[in-house]
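> sequence isn't available, so here's the structure alone:
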Ligand SMILES: Nc1ncnc2c1ncn2[C@@H]1O[C@H](COP(=O)(O)OP(=O)(O)OP(=O)(O)O)[C@@H](O)[C@H]1O
Ligand SMILES: [Mg+2]
């Protein structure tokens, strides 16, 4: 093939040929294809490689010509184990194969290789065209879809189970209640304590199942105009009433009275706040301060919950929103997963800043409809 395109086009014009009839046109077509196209002879010598070969090998196609295919493309000393070129030479038929190559970073590359024979007048295969296509992205997407489908099916199954378990569980609680309350029952102190354990654990199980169902079958937010300061106050009042927390934790409120009204589901947002605030309290077993602030910033209302607790190691951060990830003895690991679900359904975000031994700040950001923005203060 000529490697002086301008000359070739000139001579083509002189001969009355259109560009589409020139050698350069053919070259441009082959170079325009993203798949690697190479032609090899019976001894695996590269006769031709298109431009895509450069992306693959970081070498110019011309440098690869004359080299063994396995050497130039795969740095091997003999033909590749997945190679089917010799079959195409023998059988004279096109073939397809998919293979996986390990990458230095531990990931995998998925490739599809097709080979086609080029025969001479006698019908003998002289060369083979090899076309390799990188299908890694496609494969990864397919795998993700399959994984999501599998997870969705398992989630549905688990949600069904959780729902079914709740009925017998409530019968257990009722029976335990009846047993401990029934007058004249021959039941001693110790048995009464055991019954309390049954009741407490059954209630805990029920709470886990409720959390799980909230996570697996989230209900659509029922939007209404809400002042988030009110939701914050109600949640913190509830937390303060809880004797287990107010003993050692100081709760501070820094609420901006001028924040605009947002369209949210107040019950769901209360649940999010409670989950995040509870985490803050649980992170300060030796006591500390939980500061909850509201503000309006860039068209969003922010609710910040900051604690002075143990903090989250950086390596943990990517996992804290995953369902069932918990570092607590009695944690289910659904608090933040539910919070994330709910805030996403509100088209908002939760941002986390944390430093080990210093504390954690979680910021819930919820969008405000442009019409309900406050008037700029003069
Ligand atoms: N404020 C915080 N300070 C330190 N660690 C936190 C904080 N918030 C969350 N975490 C970490 O993230 C994990 C997941 O939190 P999440 O609320 O989802 O579950 P949990 O609190 O362990 O259990 P659950 O909320 O279901 O009772 C926690 O176990 C904890 O390790
Ligand atoms: Mg929690």
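Perfect, thanks for sending it. All of these numbers come straight from a predicted model, not from anything done at the bench. Ligands and ions are numbered 1, 2, ... in the order given.
> the helix or strand hosting residue 190 close to ligand 2?
Residue 190 is part of helix 189-216, with elements assigned from DSSP states H and E. No. Among the residues of helix 189-216, none lie within reach of ligand 2 under CB under 5 Å from the ion; the closest is 9.5 Å away. C-beta: built from backbone N, CA, C; applies to glycine.
> tell me which residues in that helix are buried?
Neighbour-count burial for helix 189-216, counted by 16 or more other CB atoms under 10 Å, picks out 195, 198-199, 202, 206, 209, 211-216.
> what's the answer for stretch 104-114, then?
Of the residues in stretch 104-114, those buried under the neighbour-count criterion (16+ other CB under 10 Å) are 110-114.
> could you do stretch 152-162 as well?
Applying a neighbour-count criterion of 16+ other CB under 10 Å, one finds 159, 162 buried in stretch 152-162.
> same thing with stretch 46-58?
Neighbour-count burial for stretch 46-58 flags 46-54, 56-57 (criterion: 16+ other CB under 10 Å).
> how about stretch 216-224?
By neighbour count, and taking 16+ other CB under 10 Å as the criterion, the buried residues in stretch 216-224 are 216, 221.
> what is the end-to-end distance of that stretch?
End-to-end span of stretch 216-224 (CA to CA, to the nearest Å): 24 Å.
> mind checking how far the residue nearest to residue 336 when sequence neighbours are not counted is from residue 275?
Spatial nearest neighbour of residue 336, chain neighbours left out: residue 321 (5.0 Å); criterion: CB to CB, 6 or more residues apart in numbering. Taking CB to CB, to the nearest Å as the measure, residue 321 falls 11 Å from residue 275.
> re the thing from before, okay, and which of the buried residues of stretch 104-114 map to strands?
Secondary structure assignment (DSSP state E) places 110-114 from these within strands.
> ligand 1 contacts on this protein?
Contact residues of the chain with respect to ligand 1, defined by CB under 6 Å from any ligand atom, are listed as 275, 279-280, 283, 307, 309-312, 320, 325-328, 331-337, 360.
> list only buried entries from the residues you listed.
275, 279-280, 283, 307, 309-312, 320, 325-326, 332-337, 360.
> from those residues, which ones fall inside helices?
Among those, DSSP state H puts 275, 279-280, 335-337 in helices.
> OK, contacts around residue 210?
Residue 210 makes contact with residue 166 under the criterion CB atoms under 8 Å, 6 or more residues apart in numbering.
> that older thread, out of the buried ones among the residues of the chain next to ligand 1, who's near ligand 2?
Restricting those to those within reach of ligand 2 (CB under 5 Å from the ion) leaves 279, 335.
> now, which of the buried residues of stretch 46-58 lie within strands?
Secondary structure defined by DSSP E assigns 46-49 of the buried residues of stretch 46-58 to strands.
> count of residues packed around residue 175?
Taking other CB atoms under 10 Å as the neighbour definition, residue 175 ends up with a count of 14.
> need the three-state assignment for it.
Taken by DSSP: H, G, I helix; E, B strand; the rest coil, the conformation at residue 175 corresponds to helix.
> now do the closest residue to ligand 2 within the stretch 201-350 of the chain, the pLDDT please.
Scanning the stretch 201-350 of the chain for proximity to ligand 2 using CB to the ion identifies residue 335 as nearest, at 2.8 Å. Note for residue 335: predicted pLDDT of 94.
> which residue, other than its chain neighbours, is closest to it?
Counting by CB to CB, 6+ apart, residue 335 lies nearest to residue 275, which is 3.8 Å off, once chain neighbours are set aside.
> joint contacts of residue 321 and residue 275?
When contacts are counted by CB under 8 Å, 6+ apart, the set common to residue 321 and residue 275 consists of 336, 339.
> now for the ones in strands among the buried residues of stretch 46-58: which two are most distant?
47 and 49 (8.6 Å; CB to CB).
> what sits in contact with each of these two?
38-39, 65.
> leaving out the residues flanking it, which one is nearest to residue 263?
residue 223 (4.6 Å).
> could you list the low-pLDDT ranges of the protein?
Under the criterion pLDDT under 70, the flagged ranges of the chain are 1-16, 182-186, 243-246, 370-378.
> domains for it, by residue range?
The chain breaks down into these domains under automatic domain parsing: 33-134, 140-216, 224-372.
> make TSV from those and add distance to residue 19 to it.
Putting the domains of the chain into TSV (distance: least, CB to CB, whole Å) gives the following:
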stretch	distance to residue 19
domain 33-134	18
domain 140-216	38
domain 224-372	52
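> what residues does this protein put near ligand 2?
Applying CB under 5 Å from the ion, one finds that the chain approaches ligand 2 through 279, 335.
> can you show me the helices along the chain?
Secondary structure of the chain (DSSP H): helices at 5-14, 23-32, 52-57, 61-64, 69-74, 85-91, 136-181, 189-216, 228-241, 243-246, 266-282, 335-345.
> want to throw those helices into a markdown table with distance to residue 101?
Written out in a markdown table, the entries for those read as follows (distance: least, CB to CB, whole Å):
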| stretch | distance to residue 101 |
| --- | --- |
| helix 5-14 | 34 |
| helix 23-32 | 24 |
| helix 52-57 | 11 |
| helix 61-64 | 18 |
| helix 69-74 | 8 |
| helix 85-91 | 17 |
| helix 136-181 | 9 |
| helix 189-216 | 38 |
| helix 228-241 | 53 |
| helix 243-246 | 55 |
| helix 266-282 | 44 |
| helix 335-345 | 36 |
